[in-house]
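**Q** give me a model of this one.
(one chain, ligands or ions: 3)
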Amino acid sequence: MNPSRNLFLIGPTGAGKTSLGRRLAAHYGLRFVDLDREIERRTGTLVATVFEIEGEAGFRQRESALLAEFGAGEGVLIATGAGVVLAEHNRALLTERGYVLWLQATIDQQLERLVHDTKRPLLAGADRRARLEAMVAIREPLYRATADLALPAIHGIAAVSTQAIALIDQHWQRQTSIA
Ligand SMILES: Nc1ncnc2c1ncn2[C@@H]1O[C@H](COP(=O)(O)OP(=O)(O)O)[C@@H](O)[C@H]1O
Ligand SMILES: O=C(O)C1=C[C@@H](OP(=O)(O)O)[C@@H](O)[C@H](O)C1
Ligand SMILES: [Mg+2]
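**A** Ligands and ions are numbered 1, 2, ... in the order given. Reported below is the predicted structural model:
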């Protein structure tokens, strides 16, 4: 187990990384950073607009730079974007610099949770299910390889939050209190 004082949330889009991250950071007294919101704060525009202007490659560069910047510190909870695991150097940083919780969701849950969402550029256009399935096929092995622990986010946010805290206390906090 990783004894670092950082907590990183990974997992598919709509699993609840941003929502849960905020709650967990407050609970553990960690600084909360959502990589997408931080990109928006620094660029002064939406993630979707960054994709339009700089392409996915430009977005990924920003994402990696911010992960490296915040991951270098201690006492931070980072809610990543679902594609962060695509880059090998991001996966290495996550495993080296923090305890990694993989928040899981089924495709049906993703579709339901993002039904009104217009802010995810990779889901824009037709056939969201096919896009999500294609993402899962590539990313799931990468989440598995990177995570210390996995949690199916099948209940509401409050219940998932309680479950996450129980899991983290069991596996991560015990390690850090011994270290
Ligand atoms: N466990 C959950 N149950 C129901 N809805 C959820 C849950 N977690 C998140 N949501 C909702 O799903 C949407 C996407 O959540 P978000 O935190 O942005 O996910 P992510 O950051 O993983 O893409 C939001 O509207 C959020 O309120
Ligand atoms: O699936 C992806 O590659 C992306 C997921 C988004 O974050 P969420 O996981 O919070 O939706 C955001 O980083 C960007 O739109 C790209
Ligand atoms: Mg998010």
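**Q** what is the burial count for residue 158?
**A** Counted with other Cβ atoms under 10 Å, residues neighbouring residue 158 total 9. Placement of C-beta: from N, CA and C, glycine included.
**Q** so the one helix or strand it maps to, near ligand 1 or not?
**A** Assigned by DSSP states H and E, residue 158 falls within helix 157-168. Yes: using Cβ under 6 Å from any ligand atom, helix 157-168 reaches ligand 1 at 157, 160.
**Q** so for that helix, mean pLDDT?
**A** Mean per-residue pLDDT for helix 157-168: 96.
**Q** now swap in stretch 66-83 and tell me
**A** pLDDT averaged over stretch 66-83 gives 97.
**Q** export the helix holding residue 158 to CSV, keeping only CA atoms.
**A** Below are the C-alpha coordinates for helix 157-168, written out as CSV (Å, rounded to 0.1, in the frame of the first residue of the first chain):
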residue,chain,number,x,y,z
ILE,A,157,-23.4,10.0,-3.4
ALA,A,158,-23.9,10.0,0.4
ALA,A,159,-23.8,6.2,0.6
VAL,A,160,-20.8,5.9,-1.7
SER,A,161,-19.0,8.5,0.4
THR,A,162,-19.6,6.5,3.6
GLN,A,163,-18.4,3.3,1.9
ALA,A,164,-15.3,5.1,0.5
ILE,A,165,-14.4,6.4,4.0
ALA,A,166,-14.8,3.0,5.5
LEU,A,167,-12.5,1.4,2.9
ILE,A,168,-9.9,4.1,3.0
